[in-house]
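Here is a sequence with its predicted model. Questions after.
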Amino acid sequence: MNESSANPSGAQVVAMQLLQQSGVLQPARIIVDLNAEKSNDQSTFQQVIAAIQADEPLAKRVIYLANSAWFGGNIKVNKVAEAFGRLGTTDFYKASVAAALRYHLGDGEENSLWWQESETIAHVCEMTAQQLNPGLVDAAFFAGLFRDCAVPLMARNVVDYAYLVEDALGFSPGSVQIELECNQTDHCTVGAAIVRALKFPAFYADAIQHHHAQTLSGVESEEAKQLLAILLLGKRIDAWSDKDIVAFYSEPSDARLMSEIAIAFRLTKGALDDVVVEMLRLYGLRRAHG
């Protein structure tokens, strides 16, 4: 048990109360089941495949993702079992968690563009991890996917939160402080609580808790620092993809953050700049063929 679990802050207590009152975790139990299956080396995923197939909206979304460009869907599938057979354990797990997050924790089709962007950021973080630390590819995907998962939940269940949504989806650390002042908790804390409740590794929650930060100093372990760095950089890759290269690092805080990220991965600043340029190239290609 980590320190935040043993001694929850006031914001964490309010976050857990929100999750309990909303009842949102019960429909999302399939994600807990997926995590259990993934951790079992002997699992065939048969029970979870059957459960997904029996849930029509969830099955439809899993099949859609399996056939999408992000998962290399050259051979089309029509059933969940076929998706598992073509994707393999790791990508089936990712697609199923992404689908379940959208339909059992989010708003389904009601915020389809928002969820599409969230899934895109997850893949950008995954690609960023491939460049910086391939051992964190899966963690990067889920950190990107869950980073703002609390926003639609809070928009539905917290009075006047809709006015805070735009800032919550941006970069500013100030937006988190405004949320705390208005609601005694914030979407970073609620998102981290969701990730813990769904039985993901603890360092995922650490990164999500700090995903509005402009520094890596808020997390302690090397693993958490690197995951947070990937999360912060992945979001910026998406934002920078539509800008001229001269606009990068235009904010002093971004320049300082990039220096910290370089240190976290034991890179020179020049080597990290090369990674950013390569990421923008790869992301552009994926978008062009998406």
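On my side now, so go ahead. Residues are numbered from 1 along each chain as shown.

Who are the contact partners of Ala229?
By Cβ atoms under 8 Å, 6 or more residues apart in numbering, the residues touching Ala229 are Leu132, Leu216, Glu260, Ile261, Ala264, Phe265. Quick note: C-beta positions are derived from backbone N, CA and C, even for glycine.

switch the cut-off to 10 Å
128-129, 132-133, 136, 140, 207, 216, 219, 257-258, 260-265, 272 (Cβ atoms under 10 Å, 6 or more residues apart in numbering).

do the same with Leu227
Leu227 neighbours (Cβ under 10 Å, 6+ apart): 125, 129, 133, 136, 139-140, 142-143, 201, 203-204, 206-208, 216, 219, 221, 264.

mind listing which of those residues are in helices?
Cys125, Ala129, Ala139, Ala140, Phe142, Ala143, Phe203, Tyr204, Asp206, Ala207, Ile208, Ala264 (DSSP state H).

I'd like the distance between the fifth one and Asn183.
The span separating Phe142 from Asn183 equals 25 Å under the rule Cβ to Cβ, to the nearest Å.

Looking at the two, which has the bigger crowd around it?
Phe142 (26 against 20; other Cβ atoms under 10 Å).

nearest residue to the more buried one other than its sequence neighbours?
Spatial nearest neighbour of Phe142, chain neighbours left out: Tyr204 (5.9 Å); criterion: Cβ to Cβ, 6 or more residues apart in numbering.

Test my guess that the one you found contacts Ala193.
No. Using Cβ atoms under 10 Å, Tyr204 is not in contact with Ala193, being 11.9 Å away.

the more surrounded of the two?
Higher neighbour count among Tyr204 and Ala193: Ala193, with 28 against 25, using other Cβ under 10 Å.

Spatially nearest residue to the more buried one (excluding sequence neighbours)?
Ala15 (4.3 Å).

Next, the contact list for that neighbour, please.
Ala15 touches 8-9, 150, 154, 183-194, 196-197, counting by Cβ under 10 Å, 6+ apart.

So Arg147 is in contact with Val124, correct?
No. With contacts counted by Cβ under 10 Å, Arg147 stays clear of Val124, the gap being 11.4 Å.

between those two, which one's more packed in?
Arg147 (29 against 26).

Need the phi and psi values for the more buried one.
phi -60, psi -40 (degrees, to the nearest 10).

related to what we said a few turns ago, now list whatever residues contact both of Arg147 and Val124.
Gly234, Lys235.

where's Ser221 relative to Val137, distance?
From Ser221 to Val137 the distance is 18 Å (Cβ to Cβ).

These two - which one has more neighbours?
More crowded of Ser221 and Val137, by other Cβ under 10 Å: Val137, with 18 against 12.

all helices for the stretch 101-250 of the chain, in order.
112-132, 137-146, 150-157, 165-168, 174-183, 187-197, 202-209, 222-240 (DSSP state H, counting those that start in this stretch).

packing partners for the third one?
If you count contacts as 3 or more Cβ pairs under 10 Å, 6 or more residues apart in numbering; DSSP states H and E, helix 150-157 packs onto helix 10-22, helix 112-132, helix 165-168, helix 187-197.

And for the longest one?
With contacts defined as 3+ Cβ pairs under 10 Å, 6+ apart, the packing partners of helix 112-132 are helix 80-100, helix 137-146, helix 150-157, helix 222-240, helix 269-288.
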